[in-house]
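Asker: Any chance you could fold what I've pasted below:
(one chain, ligands or ions: 2)
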Amino acid sequence: LPPGHLESLHRLDAPSGDQVRFVKAPPQPPKDRRTALGEHTDFGSVTVLFNRLGGLQVRLPSHIKPITPASPAPDANTNGAVNGSVEVNGAEENWAYVRPLPGHAIVNLGDAMVKFTAGVLRSNIHRVVNPPGEQAESTRYSLVYFARPEDEVVLRALRGEGG
Ligand SMILES: O=C(O)CCC(=O)C(=O)O
Ligand SMILES: [Fe+2]
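Answerer: Numbering: from 1, shown residues only. Ligands and ions are numbered 1, 2, ... in the order given. Below you'll find the predicted structure:
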């Protein structure tokens, strides 16, 4: 693609269906800790997530092996994972927690990027479960920004300079 092409489909001053969500999830009773947000991919181009507590999990492709946790149980200090990466949830091997790090945001690619790149880039499957370990006793706040292509942009594979 020519440099700046993706940016040209997401100009800040052009109308688009961007969404912002601010979600408050109080602690759930220990006997009723269901998945808070079921598995899905995001709809836009890029999602930027701000949260302090864990709970976000990604489904790992079969060829990616999760890292081994360095500490036995995630708590408020370890934030649910290790080394800023993903940590396997002992109960379900295909799902890994994504650890929120102070001063960082978590970025997910959405389905629009799959279309634009004809599947070269993929939108990850993720879900939100109860925060891990001691964090399950705290209220989880999540600020989510979904950036979408401009309203006039047709969702189709973009053609690069090479063809
Ligand atoms: O709250 C989170 O960490 C993720 C929320 C999410 O995946 C969504 O709103 O699409
Ligand atoms: Fe999502």
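Asker: the strands in this structure, which residues?
Answerer: 19-25, 37-40, 46-51, 56-59, 86-89, 92-98, 106-109, 126-128, 140-147 (DSSP state E).
Asker: Tabulate those (CSV), appending mean pLDDT, distance to ligand 1 and mean neighbour count.
Answerer: For every residue, glycine as well, the C-beta is placed using N, CA and C. As requested, those are exported to CSV (pLDDT from 0 to 100; distance: least, C-beta to the nearest ligand atom, whole Å; neighbours: other C-beta atoms under 10 Å):
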stretch, mean pLDDT, distance to ligand 1, mean neighbour count
strand 19-25, 96, 6, 12
strand 37-40, 94, 6, 12
strand 46-51, 97, 5, 18
strand 56-59, 94, 4, 22
strand 86-89, 50, 14, 21
strand 92-98, 84, 8, 18
strand 106-109, 97, 7, 17
strand 126-128, 95, 5, 19
strand 140-147, 98, 3, 18
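Asker: Ok, which of these comes nearest G119?
Answerer: Proximity to G119 (C-beta to C-beta) singles out strand 106-109 among the strands of the chain, at 11.7 Å.
Asker: For that closest one, enumerate the helices and strands it packs against.
Answerer: Applying 3 or more C-beta pairs under 8 Å, 6 or more residues apart in numbering; DSSP states H and E, we find strand 106-109 packed against strand 46-51.
Asker: Strand 140-147 and the strand it packs on, what's the angle between them?
Answerer: An angle of 160 degrees separates the directions of strand 46-51 and strand 140-147 when computed by axes from the mean of the first three to the mean of the last three C-alpha atoms, to 10 degrees.
Asker: what's the angle between strand 46-51 and strand 92-98?
Answerer: 80 degrees.
Asker: Okay, now the sheet partners of strand 46-51, with direction.
Answerer: strand 106-109 (antiparallel), strand 140-147 (antiparallel) (DSSP bridges).
Asker: and the protein, which of its residues are near ligand 1?
Answerer: 21, 23, 37, 42, 49, 51, 56, 126, 128, 142, 144 (C-beta under 6 Å from any ligand atom).
Asker: Of those, just say which sits nearest to M113.
Answerer: D42 (9.6 Å).
Asker: which ones are touching that closest one?
Answerer: By C-beta atoms under 8 Å, 6 or more residues apart in numbering, the contact list for D42 reads 108-111, 123, 146.
Asker: so the residue nearest the centre of the chain bridges to which residues?
Answerer: Central residue of the chain (C-alpha atoms, centre = their mean): N108, 4.4 Å from the mean position. Beta-bridge partners recorded for N108 (DSSP bridges): T47.
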